[in-house]
Each structure stands twice: as C-alpha cells, then as structure tokens.
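1. The sequence and its predicted three-dimensional model are supplied below.
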Amino acid sequence: MSANKTEQYAATTLDADRLAQSIKRHLQQSLGVDLEEAGPAEYWEALSLVVRELGLDLIRKTRHKERDEKARRVYYLSLEFLVGRLLGNNLHNLGIYKQAEEAMANLGVNLTDVLEHETDPALGNGGLGRLAACFMDSLATLDLPAFGYGINYRFGLFKQDFAGGKQVESPDGWREESCPWGIERPKRKQLIKLYGRVSERAGKAVWEDTQEILGMPWDVPVTGYGTDTVNTLRLWESRAAEGFDLSSFDEGRYQESRSGEIQAENVSQVLYPNDNHPAGKELRLIQQYFFVACSIADLIARYKRENGDNWDDFAEKVAIQLNDTHPAIAVPELMRILMDEEDIVFSKALSICREVFSYTNHTLLPEALEKWPQNLITKVLPRHMQIIHMINYHFLHTEVEAQWPGDNNMKRRLSIIEEPERPGGQQMVRMAYLSVVGSHKVNGVAALHSGLVKTTLFPEFNEMWPDKLVNVTNGVTPRRWLDYCNPELAKLIDDTIGNDGKVDWRRNLSQLDAINAYADDPAFQKKFAAIKHDNKIRFAAVVKELCNIDISPDAIFDVQIKRLHEYKRQQLNLLHIMALYRRLLDNPDLDVPQRVFIFGAKAAPGYKVAKTIIHAINRVAERVNNDRRIKDKLKVVFLPNYRITLAEKIIPAADVSEQISTAGFEASGTGNMKFALNGALTVGTLDGANVEIAEEVGDDNIFIYGLTVDEVAELRHRGYNPKDVYNSNAELKAVIDWLASGDLCPEEPDAFRPLVDSLLGGDYFLTLVDYQAYSDAHDKIVATWKKPELWWKKAIINTASMGKFSSDRSIMDYAKTIWNMA
Ligand SMILES: [N-]=[N+]=N[C@]1([C@H](N)O)O[C@H](CO)[C@@H](O)[C@H](O)[C@H]1O
C-alpha cells in the first residue's frame with residue numbers, strides 16, 4: 001500500500017474544510033461541547049478523534065489486505081512502549097499536518113497550542129521502551145504486517161519534581177482525563193488463569209483451581225510515514241473476571257464485594273519504574289504473564305481465523321520478538337497451549353517455539369538479568385514451572401550432553417534453573433537462558449554489545465549455536481526525531497537535496513549523505529547555524545518557563561538526557577562542571593565560551609546513589625547559577641520530569657551530546673543517534689553505538705575519550721584504587737573534597753556521602769580514572785567552538801552521516817536476519 005505522499009488516503013480524502021467539519025462534529029457530538037466554550041483541550045481531543053477515525057479506517061484496510069494475502073506477521077512483545085505524544089506525529093505521517101493547521105486556523109485556533117495540550121503516555125522507562133515505539137513507526141512505514149503487544153498501564157512512569165534539589169515522585173495518571181487514542185475491543189477480550197495446581201488425568205496435565213483475570217484490549221493505531229499502512233498497538237488492561245460480588249455487597253461486606261476487582265485491576269495499574277534493574281515482585285511476574293498470555297491467545301485466535309486449525313503453517317505465519325526477557329514466559333506459555341490444549345508432543349512443540357520466537361538482549365548488567373525464584377513461578381504458574389523443567393531437561397541431557405558429554409559442571413552452568421550458592425538457598429529461573437534456549441535468534445543492540453553478548457554473556461550458547469547470536473544495531477525514527485521535532489532543519493534539507501519522492505530522505509535516511517557536499521559551504525553553514533540558534537532561542541524560553549533560569553542561545557548547550565544511572569556517569573559530568581566553576585572563580589576572565597550544561601534524568605525511586613547524584617547536580621546548579629562572579633559564563637540546568645516531549649525540544653537545540661558511559665556498559669544508546677542527526681557533536685567513550693557513530697562520522701567529527709572495553713578489563717585485572725587518581729589529580733581531589741565538605745548542603749552536610757563513598761570506595765564505574773581524558777576532550781570542544789566554520793562543518797557531517805541509524809534500517813535487518821520477512 002506504499003504510495004508517495006500525494007496519493008495518501010488521508011490527504012486525498014481530507015482537505016482543510018472537511019477536517020474542520022469533522023473537528024466540529026466531534027466537538028459537538030463526541031464531546032458535547034459548543035464551539036464557543038471549546039478550548040485547546042477540547043480541540044486536541046476532537047482532532048485526535050478525527051485522526052483516530054482515519055486510523056481505524058486504515059487499520060481495517062491494512063488487516064483485510066493482510067488477511068486476503070494470508071500474510072506472515074511479526075508480533076513485538078514489550079512491557080514498554082514509550083510512544084510520546086501521538087497527534088502531531090500522526091498528522092505528519094498521514095500527510096495532513098498542513099491541512100490540520102489550516103483547519104484549526106479557520107476555527108480560530110493555533111494547532112501548536114493544541115498539540116502542546118497532549119500528555120505523554122509514559123508507558124516506558126527509557127531506551128528499551130522508546131526503541132519499541134520507533135520500531136512500530138518503522139514497521140508501518142515499511143508496510144510490514146505487525147502488531148505491538150503491551151500493557152495499558154493506568155499510571156505510567158512517575159512524574160518527577162524537585163524539592164530542595166531532591167527528586168520527588170508522583171503518580172502519572174496520563175489517561176485519567178481522556179484517552180482518545182485507544183479504542184476498547186471487548187470482542188477480543190481474553191481470560192487468563194493464575195495460581196491453582198496441576199493434576200494429571202488420562203496422562204494429560206490439567207491446570208485447575210485457578211484464579212482468573214480478564215484482559216481487555218485497547219487498540220492504538222500506529223501510522224506509517226508516506227503510506228496508508230496502519231498497524232495496531234494492542235495494549236491489555238486487567239479487569240476482574242467475575243463482576244461485582246452482589247451477595248457480599250448485600251451483606252454489607254462492601255470492601256470484600258470489590259476485592260476481586262481491585263486485585264485484578266492492580267495488574268495493569270502501574271509501570272515498574274526500573275531501568276536496567278528487575279523488580280522481583282510477584283505483581284511484576286503477574287504483569288509479565290498477564291500480557292503474554294493475552295497476546296499469545298490473541299495471535300493464535302487470529303491465526304486460526306485466517307488459517308484454520310492446522311499448526312503446520314503456524315511458524316510460517318507468525319514471528320514473535322521478545323523485547324528483553326520481560327516477556328520470556330511466552331516460551332512455556334506457547335508450549336503449554338501446544339501440548340496441553342492442542343495435544344502436540346513436546347519435541348514438536350519445542351521446535352515450533354524455536355521457529356517462532358526470537359529474543360533481544362538490551363544489557364550486560366548482571367543485576368539487570370531477570371531471575372525468578374522457582375517457588376514463586378511454581379506458586380503463580382505451576383504448569384509453566386513444570387514445562388520449564390521439561391525444556392531444561394531436554395536442553396541439558398540432549399543438547400548440552402551432545403556438546404559436552406558427561407560434563408556436569410557445564411550442565412550446572414547452562415541450566416535454566418540456577419542452583420543456590422549455599423545450602424537452603426533458592427533455585428532461580430534464569431529468564432535469559434530460557435529465552436535463548438526457546439528462540440531461533442538472539443540479538444544484541446549494537447555491534448560492540450552483540451560481540452560482548454557472544455564472548456562474555458552467552459559464550460557457551462554461542463559455541464553450541466554459532467548462528468543463533470547476531471547483531472541488529474538500534475535505530476531511531478527520522479520522522480519524530482528530525483522531521484517532526486526540527487522542522488526548520490527538515491526544510492533546509494528538502495531545499496538542499498530535494499523531496500520529490502525520488503529523493504525521500506524521510507523514508508530513506510541514507511540519502512542524507514548528499515548533505516556532506518555542503519559541509520564546507522559557508523552559505524549552507526550559515527543557514528544550518530541559524531536553525532540551531534533558532535532552536536536554542538525556543539528552548540531557552542522553555543528553560544525560563546520550567547526552571548526560571550536565563551540562558552543565552554549564544555552559549556554552548558551541552559546536554560546529558562537519559563535515565564540516571566552510575567554507569568551512564570552523570571557524576572563524571574558533574575565533577576567536571578564543578579572544576580570548570582572553580583577555574584572561573586580562580587580567573588573570571590578565563591578565555592572560555594559561555595556554557596550551559598543541561599540535564600534531564602529520572603532515578604528509579606529505590607536507587608539511592610542515583611538520587612544523591614540528582615541532589616548534588618541541583619545543589620551545584622543553585623550555587624553556579626547565582627554566582628555573579630563568573631559572569632554567566634557557566635549555567636547548569638536540571639529539567640524536571642524528563643520525558644519524550646522534552647527530548648523533542650532539547651535535542652534540536654543541543655550543541656554537545658554527552659554519551660560518556662563506562663565502556664562496555666551502555667548496550668547501545670539511542671539518544672546518541674538523535675543528537676548527531678540534529679547536528680550536535682558527541683563527546684563519548686567507545687561504548688555501545690558510539691563506536692558505530694564514530695565509524696560513520698569519522699574520528700575528526702566526534703570527541704572520543706577514555707578507556708576502551710579492553711582497557712577497562714585490563715585495569716580491573718591489574719587492580720584499580722581510585723584513591724591513587726584522587727591523590728594524583730589536584731583539581732579532581734579539590735572537587736571531591738568540596739562535595740564531601742557539606743558546603744553545598746549545609747543543612748545536611750553528609751548529603752553526598754553515598755556518592756563520595758562510591759567514588760573513593762571502589763569507583764566501580766571508573767569515573768575518576770576517566771576524568772582527565774574527559775576534561776581534555778572538553779578542552780578540544782572549546783577549541784573547536786572557537787572556530788565556527790570548523791564546528792559547523794563537523795555538525796553538518798554528523799547530520800549527513802546518520803543514515804545507518806534510522807530504525808527503518810534496524811527493522812529491515814530484523815526482517816532479513818531474524819523474521820524472514822524480506
Ligand atoms: N534495559 N535496557 N536497556 C537499554 C535501555 N536502558 O533501556 O536498552 C536500550 C535500547 O536497546 C539501549 O540503547 C540501552 O543501551 C540499554 O541500556
């Protein structure tokens with residue numbers, strides 16, 4: 001259904017007048033609002049309903065086409081989809097943004113104000129969740145038949161505010177008021193079972209005495225760019241299977257009458273706020289099983305509707321991607337259905353699973369790899385625990401035995417069931433191992449990371465199945481992360497390389513390469529710089545509004561926006577800022593350009609050191625921003641409640657992109673790609689996708705510093721005492737002593753002790769040993785900034801070289817190497 005933009009269904013059926021009519025119709029008939037009393041909120045909802053209508057029309061067309069073609073589909077199972085605001089993006093993708101702008105103007109309303117009214121559906125923590133959203137955009141844009149399956153959390157990722165510089169969390173009731181995007185699909189509701197016990201009857205396992213929960217699907221249209229394909233994001237909401245318990249209500253046991261409902265509703269109530277860190281809670285396991293069971297039942301029902309009851313073609317028609325181990329329970333769930341409900345023997349069932357499933361690993365952090373106590377799985381999912389044992393037995397005594405005959409140590413090491421270290425300890429189920437054993441492909445998310453997955457995380461699996469572990473480097477959608485968030489730059493690119501369908505960089509990002517020819521062109525540099533400056537002026541207004549801090553658009557905007565985690569090393573950025581401030585106090589006339597350091601980061605509520613780092617950054621900001629002696633040469637801004645919508649405002653305004661993680665810890669990063677695409681220069685380590693970004697832009701156009709992965713391993717091997725660095729670097733010692741002194745927080749002198757102790761007590765993330773190289777890299781940045789023609793040449797080359805990092809390329813790699821769909 002790919003069509004060049006002019007022919008798109010929406011654009012051909014909805015001009016500005018008809019759009020205005022539809023908006024008015026929804027205001028009056030769907031929202032019951034008079035035009036006179038309608039405000040931005042109502043106009044947002046009305047226009048969203050118009051676009052949803054369109055989306056649902058196109059979903060039907062898309063599905064009918066797929067059904068008629070008996071299409072093979074990919075199902076993307078993810079506990080997180082960080083979709084961001086939807087209205088603007090959908091108007092863009094459907095090719096009716098201009099028409100909507102005009103329609104709103106005819107109704108006396110400014111579209112930009114209306115779009116500002118949408119709350120972010122914060123249904124994710126960070127990179128993993130946003131990647132899923134970028135992938136859904138690319139799947140539709142590439143006309144690939146696909147469903148996304150997730151949870152319709154009532155409360156998304158917590159809202160962040162600062163009190164006394166400390167993070168304060170509050171619930172994010174993103175759909176409390178209204179949620180025009182999702183449409184409830186009762187016809188497709190699912191009933192899933194929990195707890196109970198397994199008995200055997202006639203040689204068959206029977207899972208009985210279970211509790212039941214109802215899964216209500218909400219469908220969100222996923223538009224593609226420049227095409228009429230609209231895929232579905234199906235988000236499950238939990239409800240009580242048994243309705244309201246009238247009898248106990250009549251007997252006045254009001255609370256009890258709703259207990260079943262409250263319990264069931266809890267399942268999809270809230271997103272667990274941990275990034276790179278599992279929440280070992282029973283409710284989290286139930287969340288994982290709930291959405292998996294609903295999704296597997298739903299896709300099997302679709303398969304049967306379209307292909308009848310034979311399982312022979314199932315693996316032909318269905319590919320299921322596990323976004324990390326969060327949906328890994330899908331492997332025993334499909335095995336259960338195949339064996340217990342479809343009477344398929346174990347070996348056949350396992351081979352069907354392996355053909356269908358593939359798993360993406362997003363982190364090497366040992367503490368992030370999910371392990372569930374065997375007892376807990378046995379309690380919540382008794383039949384699944386039996387099946388996990390069956391899979392493990394087959395794997396160890398057939399496949400591992402074949403590879404390493406008689407090697408019980410190897411069986412112990414590779415067992416999906418981890419034996420307790422000490423007697424009386426718990427047996428744990430390694431969800432990563434279950435995912436690898438149950439899948440035909442396993443991929444990492446950047447070349448360096450995928451290499452480390454093979455050599456450090458799953459070396460034996462790699463030896464057993466040399467073709468199973470592959471790489472698919474992450475990507476980002478250029479629609480939201482350039483075309484939509486940086487329209488001036490998008491226009492400059494159109495004016496420079498064209499946008500006539502033959503040239504269509506929004507759908508073929510490698511065409512940006514043509515911009516390289518203008519890297520040294522003074523006129524183009526001037527336009528490119530002017531756009532960056534405009535974006536900085538716009539963003540400075542946001543900073544003023546949100547933080548009441550005045551920042552100059554002529555300063556270097558140096559940005560670090562990502563979750564707060566010690567391996568991402570916001571603490572290194574902070575130590576350097578404290579040193580810069582002291583240099584300026586020593587010499588206010590230091591010949592350095594104005595610099596604004598901008599942070600955005602949420603810390604998991606239970607992550608103490610991370611919260612300490614946030615507090616420290618805010619205290620330093622307060623001190624620096626109010627110190628007249630340094631003549632505004634330095635400003636520090638910590639934006640509260642960092643989320644997708646803020647990223648869309650910050651990234652086009654950034655000059656420097658901080659990607660400074662300890663080498664070997666950031667699996668990929670995706671913010672790094674967005675910044676470079678928008679003409680920011682990266683300061684970073686050779687970690688994750690930074691390595692591939694450096695390959696694409698060239699070593700002259702990026703500021704790489706610090707230990708490499710091998711040097712980190714070598715240092716650990718040799719032994720590292722952070723005090724040696726502390727005692728040998730006066731500037732660094734001074735700022736750490738300052739942190740420890742309590743001067744920045746007199747009412748709580750030991751407030752930063754946890755941070756100081758982690759730095760001097762072990763410094764596991766090597767912040768001190770990389771400090772000097774990082775500081776030197778920043779000196780190079782300043783030197784480059786002082787030569788604008790050099791700076792803009794590098795910036796333009798960065799934008800021009802980001803073709804590889806389109807999520808379209810990532811999805812085509814998945815389709816070719818994993819899903820057999822291209
Ligand atoms: N979980 N997890 N992993 C991450 C991110 N934190 O969400 O996945 C992202 C998406 O693959 C990666 O870019 C990032 O490096 C990695 O840490």
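-> Received it, and whenever you're ready, just let me know what you need.
2. drop to CA atoms for contacts and neighbour counts, all remaining ones
-> Fine.
3. which bits of the stretch 251-400 of the chain sit near the ligand?
-> 275-276, 362-363 (C-alpha under 6 Å from any ligand atom).
4. can you put those in JSON lines and add distance to residue 631?
-> Below are these laid out as JSON lines (distance: C-alpha to C-alpha, whole Å):
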{"residue": "275", "distance to residue 631": "38"}
{"residue": "276", "distance to residue 631": "40"}
{"residue": "362", "distance to residue 631": "44"}
{"residue": "363", "distance to residue 631": "43"}
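5. So which of those residues is the closest to residue 441?
-> Nearest to residue 441 among those is residue 362, at 14.3 Å by C-alpha to C-alpha.
6. was I right about that closest one contacting residue 667?
-> Yes. With contact defined as C-alpha atoms under 8 Å, residue 362 reaches residue 667; the gap is 6.0 Å.
7. Make JSON lines out of the residues of the stretch 251-400 of the chain next to the ligand and add pLDDT and secondary structure.
-> Output for those, formatted as JSON lines (pLDDT from 0 to 100; DSSP: H, G, I helix; E, B strand; the rest coil):
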{"residue": "275", "pLDDT": "83", "secondary structure": "coil"}
{"residue": "276", "pLDDT": "74", "secondary structure": "coil"}
{"residue": "362", "pLDDT": "98", "secondary structure": "coil"}
{"residue": "363", "pLDDT": "97", "secondary structure": "coil"}
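8. Mind putting those residues into TSV with neighbour count?
-> Converted to TSV, those look like this (neighbours: other C-alpha atoms under 10 Å):
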residue	neighbour count
275	20
276	22
362	25
363	24
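9. hmm, back to that, any residues in contact with both of residue 362 and residue 667?
-> 444-445 (C-alpha atoms under 8 Å, 6 or more residues apart in numbering).
10. remind me, longest strand of this structure?
-> Criterion DSSP state E: the longest strand present in the chain is strand 211-223.
11. roughly how far apart are residue 694 and the ligand?
-> Here the criterion is C-alpha to the nearest ligand atom, to the nearest Å. By it, residue 694 lies 16 Å from the ligand.
12. burial of the residue nearest to residue 592 when sequence neighbours are not counted, as a residue count?
-> Of all residues not flanking residue 592 in the chain, residue 782 sits nearest, at 7.0 Å (C-alpha to C-alpha, 6 or more residues apart in numbering). Neighbours of residue 782 under the rule other C-alpha atoms under 10 Å: 18.
13. Check residue 100 too.
-> Using other C-alpha under 10 Å, residue 100 has 25 neighbouring residues.
14. Who are the packing partners of the helix or strand hosting it?
-> Here residue 100, judged by DSSP states H and E, is contained in helix 97-106. In terms of contacts (3 or more C-alpha pairs under 8 Å, 6 or more residues apart in numbering; DSSP states H and E), helix 97-106 is packed against helix 16-25, helix 87-94, helix 111-115.
15. Can you tell me which of these is nearest to the ligand?
-> Taking C-alpha to the nearest ligand atom, helix 87-94 is the member of the helices and strands packed on helix 97-106 nearest to the ligand, at 21.1 Å.
16. Contacts for the closest one, please.
-> Helix 87-94 is touched from outside by 8, 10-11, 48, 51, 97, 100, 115, 118, 223-228, 479-480, 484, with contacts defined as C-alpha under 8 Å, 6+ apart.
17. so residue 205 sits right up against residue 339, yeah?
-> No. Using C-alpha under 8 Å as the test, residue 205 is too far from residue 339 to be in contact (9.0 Å).
18. the more surrounded of those two?
-> Between residue 205 and residue 339, counted using other C-alpha under 10 Å, residue 339 has the larger neighbour count: 20 against 17.
19. Residues of this protein that sit close to the ligand?
-> Contact residues, the chain versus the ligand (C-alpha under 6 Å from any ligand atom): 126-128, 131, 275-276, 362-363, 445, 666-670.
20. Separate out the buried members of the residues you listed.
-> Neighbour-count burial (16 or more other C-alpha atoms under 10 Å) is assigned, among the residues of the chain next to the ligand, to 126-128, 131, 275-276, 362-363, 445, 666-670.
21. Show me which pair in those is furthest apart.
-> Greatest spatial distance among these (C-alpha to C-alpha): 275 and 445, at 16.0 Å.
22. Spatially nearest residue to residue 551 (excluding sequence neighbours)?
-> residue 540 (5.9 Å).
23. name the element the one you found belongs to?
-> If you go by DSSP H and E, residue 540 is part of helix 522-547.
24. Show the secondary-structure elements that that helix is packed against.
-> When contacts are defined as 3+ C-alpha pairs under 8 Å, 6+ apart, helix 522-547 packs onto helix 487-497, helix 788-800.
25. Looking at pLDDT only, which of the buried ones among the residues of the chain next to the ligand scores worst?
-> Minimum pLDDT for those is recorded at residue 276 (74).
26. For that one, give me its contacts.
-> By C-alpha under 8 Å, 6+ apart, residue 276 lies in contact with 363, 365, 367-368.
27. What's the separation between it and residue 403?
-> Note on residue 276: its distance to residue 403, by C-alpha to C-alpha, to the nearest Å, is 32 Å.
28. repeat for residue 577
-> Counting by C-alpha to C-alpha, the gap from residue 577 to residue 403 is 54 Å.
29. Repeat that for residue 783.
-> Counting by C-alpha to C-alpha, the separation of residue 783 from residue 403 is 57 Å.
30. Likewise for residue 612?
-> Distance, residue 612 to residue 403, using C-alpha to C-alpha: 48 Å.
31. how many neighbours does the residue nearest to residue 369 when sequence neighbours are not counted have?
-> If the residues on either side of it in the chain are set aside, residue 369 comes closest to residue 432, at 6.7 Å by C-alpha to C-alpha, 6+ apart. Using other C-alpha under 10 Å as the criterion, residue 432 is surrounded by 22 other residues.
32. tell me which element residue 432 falls in.
-> Going by DSSP H and E, residue 432 is part of helix 431-437.
33. Show me what that helix is packed up against.
-> Counting by 3+ C-alpha pairs under 8 Å, 6+ apart, helix 431-437 packs on strand 357-360.
34. And the contacts of residue 276, which is closest to the ligand?
-> If you rank those by distance to the ligand using C-alpha to the nearest ligand atom, residue 363 comes first, at 5.2 Å.
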